[in-house]
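> Got a predicted structure here, sequence first:
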Amino acid sequence: LYLKFNKNLLAATNEFSIVVDDSNELAGLPATSVAVAKAEAEKRGLGEGKWVFTLHAPSRLPLLQYADSRSLREKMYKGYTTLASSGKYNNYPVIAEIVKARTRKANLLGYKNYADYMTENVMAKNVKNAEDLLMQIWKPATSRVAEEVAEMQALANKEGHQITIEPWDYYYYAEKVRKAKYALDEDEVRQYFHVDSVRKGIFTMANRLYGVTFTEMPDAPKYDPEVTVYDVRDADNNHVAVFMTDYFTRSSKRQGAWMSEFKGSWVGDNGEVERPVIFNVCNFTHPTGDSPSLLTIDEVETMFHEFGHGLHGMLSRAKYKSQAGTNVDRDFVELPSQIHEHWAMEPELLRQFARNYKTGEVIPDALIEKLQKASTHNQGFTTTELAGAALLDLEWGKLTSANDIDVEGFEKAVAAKLGMPREVQYRYRSPYFKHVFGSDGYASGYYTYLWAEVLDTDGFELFKERGIFDPATAKAFRENVLEMGGSEDPMQLYINFRGRKPDANALLRNRGLIPEDNKNIPVKSAEGK
């Protein structure tokens, strides 16, 4: 069933396209997006005067964010949100069978439902603890959505557009509001985020925090010509790992970004240490002709995120293969990935890697200041779509009967129960929610991104207090989190690093949803107390 779900999703994604034959429809789009769309049309043999947009993120997101054509945005939005939900690649029947099988599995193992089964043996310990955390986030997030929509509607009215803000308008008008409030143009920012510059940024971060270095191995075997392979060494020049990067879109690659391993690490009975082979996969815009691969702010953070997972795998010192690296509780595994995202926009590191791809100029302080001020922009939307998807996932897991499932109706009922704002959709609707229905991986566990964000935001506050490259703090994080894997209780590992349990409001402070001085509400412990 998982195989069928993923095959349907990949096929449906590749099947959809929007062909534009009127250059006026391209108004507002960055030159790089237009160039990629033109290259896609040429690849399909459509000739001159044609541009092709696809559902892959580097094509879809710039269109939703920048295209002045509202009809084009609507077509893309509806194409994405109905993905794999009809026709020969319809995932609705597959989801129904998956949910039935999961319910039977949970019952056979003595659980009332699948969510109880999946949450019992992780940090949350039960569904209620996970839902309580999500609802603590949900209310301030949806309140902020109302404010964001009001700002966007006021801007649309001011520009003389007789419209009501719809879901396909959100990215577009959020970007306009950002420009108006912070004078921040993301297309300008991207000039400083060439993919190679950002790669330098992640390696610089790892070197300054943990003393590791990355040396390219051009003759190393690789599974695709565009993969780059590195020898990773510690400060004492001992081999740590092999690291591989696979950053660009291709038709055979599913959407998204992830880290995995070809080989884990362990310590043999004879004391011999086996080191890992780790890889990162992303779907960044492929360079074409004179158009380089320039990353958005979100894509920069994605590279840092997946590299954080990579560090968890590379630096592991756990004895057993089953406990090494990312073999930890699902609601702990995102701590190393998400905490490293914070360095991406820190001025001290930005000045080391963010350079204009044409001139080599270091990113100006004025632009860094704008990035800092705009860092919590649109967090109502971002948090609501993420928390909404996490709550939907738990609702799927809580089903005790799986007969006659109406997937679309179920999603609508959950949205109504939550009071989901009309202008916001789940981050992933069920037919393309591969985290939950493409494998067991995040089933009844998508909440873990937000659970771990409590840990990462609280942990990074310690780095901010002591210095973002403070050696003692970095050493404590490496030894207690990155090296330990799943060899001890995760809450105890966090306490060993931080000195106390995490403050749950750190997430809301970081996202700008509550005041900075609102502190000291501890997250529930591993025992659920």
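All right, it came through fine.
> Please count neighbours and contacts with C-alpha atoms only from this point.
Noted.
> what mean pLDDT does the top helix by length along the chain have?
Longest helix in the chain by number of residues, with DSSP state H as the criterion: helix 127-158. Mean pLDDT, computed over helix 127-158, is 95.
> Equivalent analysis for stretch 354-369, please.
The average pLDDT for stretch 354-369 rounds to 96.
> And stretch 19-27, by the same measure?
Stretch 19-27 comes out at a mean pLDDT of 97.
> try stretch 310-319
On average, the pLDDT along stretch 310-319 is 98.
> ok, which stretches of the chain are strands?
Per DSSP state E, the chain carries strands over the ranges 18-20, 51-53, 213-216, 228-233, 239-248, 258-263, 266-267, 273-274, 277-284.
> and the second one, what does it pack onto?
Applying 3 or more CA pairs under 8 Å, 6 or more residues apart in numbering; DSSP states H and E, one finds that strand 51-53 contacts strand 18-20, helix 31-43.
> So which of these is the most surrounded?
Of all the helices and strands packed on strand 51-53, helix 31-43 carries the top mean neighbour count, a mean of 19, counting by mean count of other CA atoms under 10 Å.
> What is the neighbour count of Glu408?
Neighbourhood size, Glu408 [other CA atoms under 10 Å]: 13.
> mind checking how far it is from Asn91?
According to CA to CA, to the nearest Å, Glu408 and Asn91 sit 11 Å apart.
> Kindly report the same for Ala413.
Distance from Ala413 to Asn91, by CA to CA: 19 Å.
> cool, and Trp51?
29 Å.
> More neighbours: which of these two?
Asn91 (27 against 24).
> still on that earlier bit, of all the strands of the chain, which one is nearest Trp451?
strand 258-263 (18.7 Å; CA to CA).
> ok, now which ones touch the spatially most central residue of the chain?
Centroid-nearest residue in the chain: Thr302, 5.8 Å away (criterion: CA atoms, centre = their mean). By CA atoms under 8 Å, 6 or more residues apart in numbering, the contact list for Thr302 reads Ala257, Glu341.
> Ile339 versus that one, what's the distance?
For Thr302, the distance to Ile339 (CA to CA) stands at 12 Å.
> for Pro58, same thing?
In this view, Pro58 and Ile339 are 24 Å apart by CA to CA.
> okay, now Gly49: neighbour count?
12.
> brain fart, Glu147
Using other CA under 10 Å, Glu147 has 13 neighbouring residues.
> For Glu186, see how far away it is.
Separation of Glu147 from Glu186 (CA to CA): 22 Å.
> Equivalent analysis for Ala39, please.
Ala39 is 23 Å from Glu186, where distance means CA to CA.
> same check, this time on Arg70
Distance of Arg70 to Glu186, given as CA to CA: 20 Å.
> neighbour count winner among the two?
Shown here are Arg70 and Glu186; by other CA under 10 Å, Glu186 has more neighbours (17 against 14).
> What does the closest residue to the more buried one other than its chain neighbours show for phi and psi?
Distances taken as CA to CA, 6 or more residues apart in numbering put Thr296 closest to Glu186, at 7.0 Å, once the chain neighbours are dropped. Dihedral pair for Thr296: phi -80, psi 170, per degrees, to the nearest 10.
> Thr296 - how many residues pack around it?
Using other CA under 10 Å, Thr296 is surrounded by 24 other residues.
> can you check Ala354 too?
27.
> Can you give me the distance of it to Gly201?
Distance from Ala354 to Gly201, by CA to CA: 8 Å.
> How about residues contacting stretch 360-376?
Everything outside stretch 360-376 that qualifies as a contact, by CA under 8 Å, 6+ apart, is 178, 182-184, 189, 192, 345, 347, 350-356, 510-512.
> And the worst-scoring helix or strand of the chain on mean pLDDT, what does it pack against?
Lowest mean confidence among the helices and strands of the chain (mean pLDDT, DSSP states H and E): helix 186-190, at a mean of 90. Judged by 3+ CA pairs under 8 Å, 6+ apart, helix 186-190 is in contact with helix 297-314.
> the inter-axis angle of the helix it packs on versus strand 277-284?
Computed with axes from the mean of the first three to the mean of the last three CA atoms, to 10 degrees, the direction of helix 297-314 lies at 170 degrees from that of strand 277-284.
> Next, the buried residues of helix 297-314.
Within helix 297-314, the residues that count as buried by 16 or more other CA atoms under 10 Å are 297, 299-314.
> cool, stretch 98-112 as well?
Quick answer for stretch 98-112 (16+ other CA under 10 Å): Ile98, Val99, Lys100, Arg102, Thr103, Arg104, Ala106, Tyr111, Lys112.
> if we can go back for a sec, which one of the strands of the chain lies nearest to Val34?
Ranking those by proximity to Val34 (CA to CA) places strand 51-53 first, at 7.3 Å.
> roughly how far out does that closest one sit from the chain middle?
A distance of 25 Å separates the centroid of the chain from that of strand 51-53, by CA atoms, centre = their mean, to the nearest Å.
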